[in-house]
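J.: I need the structure of the sequence given here:
(2 chains)
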Amino acid sequence: MTQVYVEDLARHEGEEVLIQGWLYNKRSSGKVRFVLVRDGTGIVQGVVTPDADPQTFELAEHLPQESSLRVWGVVRADPRAPGGYEILVRRIEPVHIPKEPFPIGLKEHGVGFLMDHRHLWIRMRKQVPILRIRDAVFWAIRAFFKERGFVATEAPIIVGTAVEGTTTLFPLDYFGEPAYLSQSGQLYLEATCMALGRVYWIGPCFRAEKSKTRRHLTEFWMAEAEAAFLDHEGNLKLQEDLVRYIVEYVVSERRRELLELERDPEILLREVREPFARITYREAIEIIRSHGVDIAYGDDFGAPAEDALSAHFGRPVFVERYPKEVKPFYMKRDPQDPSVVLNADLIAPEGYGEIIGGSQRVDTEEELLAQLREAGLPLEPYRWYIDLRKWGSVPHSGFGLGVERTVAWITGVNHIRETIPFPRMLDRLYP
RNA sequence: UCCCCGGUAGCUCAGUUGGCAGAGCGGCCGGCUGUUAACCGGCGGGUCGGAGGUUCGAGUCCUCCCCGGGGAGCCA
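T.: Purely as a prediction, here's the structure:
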């Protein structure tokens, strides 16, 4: 007897197999009973007729939703079966039969109810493909950087210094010392790239922002890369290659899941086929205004501004060279125009917002000290970071890609909370 | 922090001018030999978010509070 996963059924047509999973739903038409079994890789329909043993025939009528079970039967193709293949069931063996009804039905539920039951909601039809695509995004990132010779590294989660301003930090007590949860591993990656040349990592970031929108989490995952001897131009090229690689990888590895989510893979491929659009901040302001959004030079972009750019181009767009005032201290000034920095944000298509922020970094001690002072930051906590510019400093650049926003774009889900198993948001810490 | 919407059965919701508390789904029972969130019949199921007020009478009107959702601000 072969134990088989639902995603592999097509390779076992005609064989008797064992499927282990959970009862997703059941239907009956009198003497023909259908059990829909999910196993994490997919859902398959089992057909139970009176030819099965009497106990199995009875179970097919009365097992409650989310019973765990083992199903033995023969795989066969049938156009009436969802997915094209079904199991002619010989025997069902229950593993655990719930004593009370599963809280989440197949009909509609409200968001608050679903979020309160997130630990169970993730079993449902739409959530499983989203989380499988999330997995593919992580693998795509790792495969891309491995192919490019980047070394996987790590940054600490508990830190003593802020990357950005101090308003969005989660404070904690570190044996009596003030400490924070990391907002970004960037500063540490700048150090490791001077040791290893080209580095990346995928790690959690924590922001105590009181943002209550469909694009924000207080705990999210970022894929960050940093490379020595990489300039602004090379940085943009690297980012574009990465994003295209992720989309092509997911479309190739998770096409079935995209279709289950009714996300057209051809639309995604079309969006990344052409070179990404590239405009300066100054040009972006004009385009945003032409779409009727009120914005002044020097403003950072809100959601309406990003959406206007997104709609204007219909493909990913880099917005580069922001005024130095709206960007953090570590970005290198443009030698051609010191009022702007050598940075770029990548705006995803279809209104999914900024998915990458990156820049060339300050690489001389003098500039760094000046920019720290301009930002009104104390020098002492950044002593180690300043050290990096004292010995063998080189031009270097890097960026961070927001994993959840990328997954939201690729899957087409409206709200970022469905792109991570257990979202952490303002006013939501349970489950 | 601000603005908008909402809170009625386990879930999703309806409830007219203030006048008997409702439906669908889920659950249970029954029917149906190809169902696709199956369908058909039957049965149970209520602190109408909380407190106070107006009224002969409040799910419905008023005040305050609590909770949820959407958005803004904020946000590599």
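J.: only C-alpha atoms for contact and neighbour calcs from this point on.
T.: OK.
J.: walk me through the domains of chain A.
T.: A:2-96, A:120-419 (automatic domain parsing).
J.: dump the ones you listed to CSV, plus mean neighbour count, distance to A:G105 and mean pLDDT.
T.: Shown next, in CSV, are those (neighbours: other Cα atoms under 10 Å; distance: least, Cα to Cα, whole Å; pLDDT from 0 to 100):
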stretch, mean neighbour count, distance to A:G105, mean pLDDT
domain A:2-96, 19, 9, 94
domain A:120-419, 19, 9, 93
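J.: turn these into TSV, columns for distance to RNA strand B.
T.: Formatted as TSV, the domains of chain A follow (distance: least, Cα to the nearest atom of the strand, whole Å):
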stretch	distance to RNA strand B
domain A:2-96	3
domain A:120-419	3
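J.: check the offset of stretch A:338-350 from the chain's centre.
T.: Chain-centre distance of stretch A:338-350: 20 Å, with Cα atoms, centre = their mean, to the nearest Å.
J.: what's next to it, contact-wise?
T.: With contact meaning Cα atoms under 8 Å, 6 or more residues apart in numbering, stretch A:338-350 is reached by A:232, A:236, A:271, A:306-307, A:309-311, A:313-324, A:327, A:331-334, A:353-360, A:406, A:409.
J.: go with 6 Å
T.: Here stretch A:338-350 makes contact (Cα atoms under 6 Å, 6 or more residues apart in numbering) with A:310, A:314-324, A:332-334, A:353-360.
J.: and the pLDDT for the residue of the stretch 51-200 of chain A found nearest RNA strand B?
T.: The nearest approach of the stretch 51-200 of chain A to RNA strand B comes at A:K107, 2.6 Å away (Cα to the nearest atom of the strand). You'll see A:K107 listed with a pLDDT of 83.
J.: can you tell me the SS state at it?
T.: coil (DSSP: H, G, I helix; E, B strand; the rest coil).
J.: run a quick neighbour tally on it.
T.: Using other Cα atoms under 10 Å, A:K107 is surrounded by 5 other residues.
J.: can you pull the phi/psi pair for it?
T.: phi -90, psi -170 (degrees, to the nearest 10).
J.: thinking again about what came up before, narrow the contacts of stretch A:338-350 to those in strands?
T.: A:317-320, A:333-334, A:354-360 (DSSP state E).
J.: could you measure from A:I104 over to A:R428?
T.: 19 Å (Cα to Cα, to the nearest Å).
J.: more neighbours: which of those two?
T.: Remark: of A:I104 and A:R428, A:I104 carries more neighbours, 18 against 13, as counted by other Cα under 10 Å.
J.: ranges for the helices of the stretch 101-250 of chain A?
T.: Here the stretch 101-250 of chain A has its helices, by DSSP state H, counting those that start in this stretch, at A:111-116, A:118-121, A:127-147, A:186-196, A:232-253.
J.: could you save these as TSV and add columns showing distance to A:G21?
T.: Below are those laid out as TSV (distance: least, Cα to Cα, whole Å):
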stretch	distance to A:G21
helix A:111-116	22
helix A:118-121	15
helix A:127-147	14
helix A:186-196	42
helix A:232-253	23
